[in-house]
Structures are given as structure tokens and as C-alpha cells.
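# this is the structure alone, sequence omitted:
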Ligand SMILES: O=C(CO)[C@H](O)[C@H](O)COP(=O)(O)O
């Protein structure tokens with residue numbers, strides 16, 4: 001294998017969409033086409049045979065992730081047109097051996113996927129001894145969401161074998177050069193291509209990036225920066241989807257339409273509009289933070305107004321969320337400051353100092369702890385627990401990316417029901 005191979009993983013559930021996207025990827029320079037595991041599970045071997053019939057000059061991979069009955073699964077994939085069949089490297093040696101025997105019998109190759117293998121360096125060598133033709137250093141989608149670095153596994157196994165190693169798992173235009181520099185001979189890409197609104201363009205850019213290998217600089221060190229960058233891109237709706245509709249506050253609205261804020265929560269508990277702790281929190285909050293206030297359901301007396309808002313802007317605070325009311329709304333709207341409230345009221349309380357800063361509070365139906373991430377926009381406010389912030393943020397990015405492709409197909413004239421094939425996937 002002289003030039004590294006770009007393998008496009010068609011991890012879709014609709015065969016007609018997969019064939020269309022495959023064509024766009026081929027136009028962008030894809031070398032190999034993979035019938036992804038979700039596609040095989042939803043469409044069966046028809047997925048493999050259709051891809052082979054449609055793209056006879058391209059190597060077709062069946063990502064069976066075979067864990068048992070190796071001979072049967074390799075035979076069915078081979079007879080359907082697969083050139084390479086993927087088996088799980090963690091499977092028993094007998095499964096691997098049977099798969100290899102069947103592959104030799106039907107003239108196809110075996111790729112062993114190292115996903116979730118306990119000791120990948122040792123297992124990689126064992127798999128080579130068992131006769132597999134390729135290894136796949138694969139960090140699964142769920143593992144990626146929790147921050148496992150895709151190329152970390154590649155670096156662990158690349159020097160343990162002489163057979164070609166593929167890299168897979170959230171690989172993008174940004175990370176594909178590092179995969180090549182780390183020694184991968186095949187780069188497997190799914191979401192960065194198939195969920196793009198421009199499949200051909202994304203394929204072309206990754207293909208070109210692979211031809212300019214760059215030393216891999218390792219995963220982004222600062223998770224907070226990555227979280228903030230992604231939350232700035234996605235919507236509160238994307239985050240709600242990623243959290244399975246948990247985390248969304250209820251009963252509040254944005255005072256300044258069109259504004260958005262993301263940041264870590266500085267929590268404030270106050271009562272009956274007492275504005276001392278809310279205002280003192282401004283001095284404790286840092287640039288980019290969001291002050292979250294529970295006014296104990298009080299909506300008749302506001303603990304917040306124009307002057308506090310000016311002070312927030314001076315501190316670079318991203319926004320304010322109040323389970324209660326705000327006042328001086330016309331002035332706040334002129335400042336276009338992101339603030340979400342339950343109500344508007346002209347009354348203010350007194351600065352007596354009741355309450356506290358930095359404790360766990362309840363706000364519009366959600367529990368908020370200091371340091372939880374907050375995202376607010378015109379659709380509402382969602383709280384992301386700090387303990388799962390990176391995972392949920394990454395999943396929200398996946399939701400956002402998936403919608404990019406759906407939006408593209410709607411612009412091409414399909415209905416949403418057609419794109420989602422709702423009739424087929426209604427709960428039986
Ligand atoms: O096998 C897979 C998931 O089990 C995917 O095909 C593989 O992870 C590549 O897709 P992505 O680039 O979206 O991670």
C-alpha cells in the first residue's frame with residue numbers, strides 16, 4: 001500500500017441515503033467504501049451487495065464486527081460482494097481462526113477491530129499471528145464522547161505488527177494527518193464525512209490532508225476551552241437532545257431575543273428580591289461565567305436590573321439566569337445582554353444580604369451546582385452537570401453534525417419524513 005487509503009464508513013440506517021452519500025464521497029476521492037455496522041444491522045447483506053453493484057471498482061468493507069460464527073459471517077459478506085470483512089479483535093481466537101479460514105476460502109481479507117480490547121499491544125500481535133490481514137485501531141463513538149483519544153490506541157499498536165493498521169474513531173480533516181504520521185495505512189472516517197452538508201468537499205479535504213502528514217500533537221489539552229467552543233457552536237436544543245431532554249429549565253424566557261450565552265454557573269440563592277448576593281456575585285464571577293439566581297419563586301420583586309447588568313458587562317460575564325424577575329427591561333434590551341427570567345417587574349427588593357453564593361440551588365425546575373455548564377438561547381436554558389460536561393457537549397456536537405446532512409437533503413427537496421423514513425422507524 002503506497003498511498004494511504006481513505007475508507008468512508010457509511011454508518012447510516014437507510015440504504016438509499018448510504019448509496020447517495022457513497023457516490024458523493026467517491027466523487028470527493030474516497031478509496032474504499034464501508035458498509036457500516038448500523039447499515040448492515042438495518043439493511044442486512046443487501047447493503048453490501050448494493051454497494052458492490054453500484055461501485056464495482058471500489059473496495060467494499062463489511063463492518064460486521066463479528067464476535068461469533070466467524071465462518072458463516074465471513075461467507076455471507078464475501079458472497080454479497082465484500083472484499084474485506086471486519087471482525088472484533090476481542091473475539092475468541094477460534095472465531096478469528098475460523099474467519100481467516102473462511103476468508104482464504106472465499107478470497108477476501110480480514111480486518112480485526114481493536115475496539116475495547118483489554119491489552120491492545122499484545123492482542124495486535126496475537127491477531128497478526130492468527131492471520132488477519134489488517135488491524136483497526138478503533139476508538140468507538142461512545143468512547144470518543146468521554147474524551148478517549150482516537151490516535152492514542154493507534155500509537156499503542158502500530159509498532160507491534162507488520163500488517164497495515166487502520167485508524168478509526170472521530171477522525172477529521174484536523175486529525176487525519178496525525179494518523180498518517182503515526183503510521184496508519186488506512187484512515188477510516190464516518191461522521192466527519194457522512195454527516196457533512198458537503199460530503200464531496202469534506203472527503204476531498206480529508207483526502208488532501210492525508211497526503212500531508214503532520215506529527216500528531218495529541219488531544220486538545222484544555223477540555224474547558226473545547227467545551228466552550230462547541231457550546232458556542234451548538235444550540236440549547238442540540239444539548240437537550242444530547243441529554244435526552246433532561247437539563248432544560250422551564251418557565252423562563254430570554255429578555256433580549258437573539259442573544260446567546262454559554263458559561264460555567266456561579267450560583268446565588270436570594271429571597272424576595274434581595275439584591276445584595278446577586279450583585280456581590282458579580283465580583284466573584286469571572287469572564288465567561290453565567291450568574292444563576294434563585295429568587296425563591298418570587299416574581300413580584302426583582303433582584304436584578306440595569307445597574308447590575310452594566311456591572312456584569314464590565315466584568316465580561318456571559319449572562320444571567322433568574323428564577324424570578326428582572327426590571328429596567330428597556331435599558332437591558334438596549335444593552336442586548338443575555339438574561340433569562342421567569343417574569344418582568346418594576347419593583348426591586350432591598351440589599352439586606354439574605355441568601356448565599358456558591359451553593360447548590362434550584363432554578364426553573366433544575367438543580368444547578370457551581371461550575372455546571374449553562375447554555376442559553378432563544379429556545380431556553382439547559383444545565384449541563386460539570387461531571388458529564390465534556391461527554392454531553394461532544395454528543396451535542398454529534399447531534400449538530402447529523403442535522404447538517406438532514407438540512408442539506410431538505411434543501412435538495414426531500415421532506416423531513418422522507419429523510420427520516422419515519423413510517424419505517426415508527427415504534428412497532
Ligand atoms: O465502526 C464505527 C463505529 O462503531 C465507525 O464506522 C467508525 O468509528 C468510524 O466512524 P466515525 O469517524 O464517525 O467515528
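Yes, it's here. For clarity, every value in this text was computed on a predicted model and none was experimentally measured. Numbers count the residues shown, from 1 in each chain.

# tell me the pLDDT at the residue in the stretch 151-300 of the chain that the ligand sits nearest to?
Nearest to the ligand in the stretch 151-300 of the chain, going by C-beta to the nearest ligand atom, is residue 190, at a distance of 2.5 Å. In short, each C-beta sits where N, CA and C put it, glycine included. You'll see residue 190 listed with a pLDDT of 96.

# check contacts around it.
8, 9, 10, 11, 36, 168 (C-beta atoms under 8 Å, 6 or more residues apart in numbering).

# pull out the buried positions in stretch 346-365.
The neighbour-count check on stretch 346-365 (16 or more other C-beta atoms under 10 Å) flags 348, 349, 355, 357, 358, 361, 363, 364 as buried.

# the residue in the stretch 301-428 of the chain that the ligand sits nearest to: what secondary structure?
Nearest residue of the stretch 301-428 of the chain to the ligand, counting by C-beta to the nearest ligand atom: residue 398, 8.4 Å away. For residue 398, the assignment made with DSSP: H, G, I helix; E, B strand; the rest coil gives helix.

# could you tell me which of the contacts of residue 190 belong to strands?
Those of the contacts of residue 190 mapping onto strands are 8, 9, 10, 168, per DSSP state E.

# so what pLDDT did the third one get?
I take that to be residue 10. At residue 10, the pLDDT value in this model is 98.

# so it makes contact with residue 20?
No: at 10.1 Å, residue 10 does not count as touching residue 20 under the criterion of C-beta atoms under 8 Å.

# thinking again about what came up before, biggest separation within the buried residues of stretch 346-365, which pair?
When C-beta to C-beta is used, the two most widely separated members of these are 348 and 358, lying 23.2 Å apart.

# what helix or strand does the residue lying closest to residue 419 once chain neighbours are set aside sit in?
Spatial nearest neighbour of residue 419, chain neighbours left out: residue 409 (4.9 Å); criterion: C-beta to C-beta, 6 or more residues apart in numbering. In this structure, residue 409 sits in helix 389-411 according to DSSP states H and E.

# tell me what that helix is packed against?
helix 141-145, helix 191-194, helix 223-233, helix 236-242, helix 416-420 (3 or more C-beta pairs under 8 Å, 6 or more residues apart in numbering; DSSP states H and E).

# looking at the ones you listed, which is buried most?
helix 191-194 (a mean of 24; mean count of other C-beta atoms under 10 Å).

# between residue 10 and residue 20, which one's more packed in?
Between residue 10 and residue 20, residue 10 has the larger neighbour count (other C-beta atoms under 10 Å), namely 27 against 16.

# what about that one, distance to residue 383?
Going from residue 10 to residue 383 by C-beta to C-beta, to the nearest Å gives 36 Å.

# ok, now residue 198?
Remark: distance between residue 198 and residue 383 (C-beta to C-beta) = 34 Å.

# buried stuff in stretch 295-306?
Across stretch 295-306, burial judged by 16+ other C-beta under 10 Å covers 295, 296, 298, 299, 301, 302, 303, 304, 305, 306.

# how about residues contacting it?
Stretch 295-306 has contacts (C-beta under 8 Å, 6+ apart) with 269-275, 278, 293, 320, 322-328, 331-332, 335, 339, 341-349.

# again, but for stretch 257-266
For stretch 257-266, using C-beta under 8 Å, 6+ apart, the contacting residues are 228, 231-232, 281, 284-285, 288-292, 317-319, 336-338, 357-358, 368-378, 383, 386.

# can I assume residue 383 sits in a strand?
Yes: according to three-state DSSP, residue 383 belongs to a strand.

# just give the number of residues close to it.
Counted with other C-beta under 10 Å, residues neighbouring residue 383 total 26.

# that one reaches residue 247, doesn't it?
Yes: taking contacts as C-beta under 8 Å, residue 383 lies within contact range of residue 247: 4.9 Å.

# so what sits against both of the two?
Between them, residue 383 and residue 247 share these contacting residues under C-beta under 8 Å, 6+ apart: residue 366.

# look up how far residue 202 lies from the nearest residue to residue 356 once chain neighbours are set aside.
Once flanking residues are discounted, residue 356 sits nearest to residue 269: 5.3 Å by C-beta to C-beta, 6+ apart. To residue 202, residue 269 is 47 Å away according to C-beta to C-beta.

# on that earlier part again, the residue nearest to residue 356 and residue 358 touch, don't they?
No: counting by C-beta under 8 Å, residue 269 does not reach residue 358; the two are 9.4 Å apart.

# report the angle between the strand or helix carrying residue 16 and helix 389-411.
Residue 16 is part of helix 15-27 when elements are defined by DSSP H and E. Here helix 15-27 points in a direction 90 degrees away from that of helix 389-411 (axes from the mean of the first three to the mean of the last three C-alpha atoms, to 10 degrees).

# any part of helix 15-27 near the ligand?
No: Helix 15-27 lies out of reach of the ligand by C-beta under 6 Å from any ligand atom, never closer than 12.0 Å.

# and that helix, how far out from the chain middle?
22 Å (C-alpha atoms, centre = their mean, to the nearest Å).

# stretch 25-41 too?
On C-alpha atoms, centre = their mean, the centre of stretch 25-41 falls 20 Å from the chain's centre.
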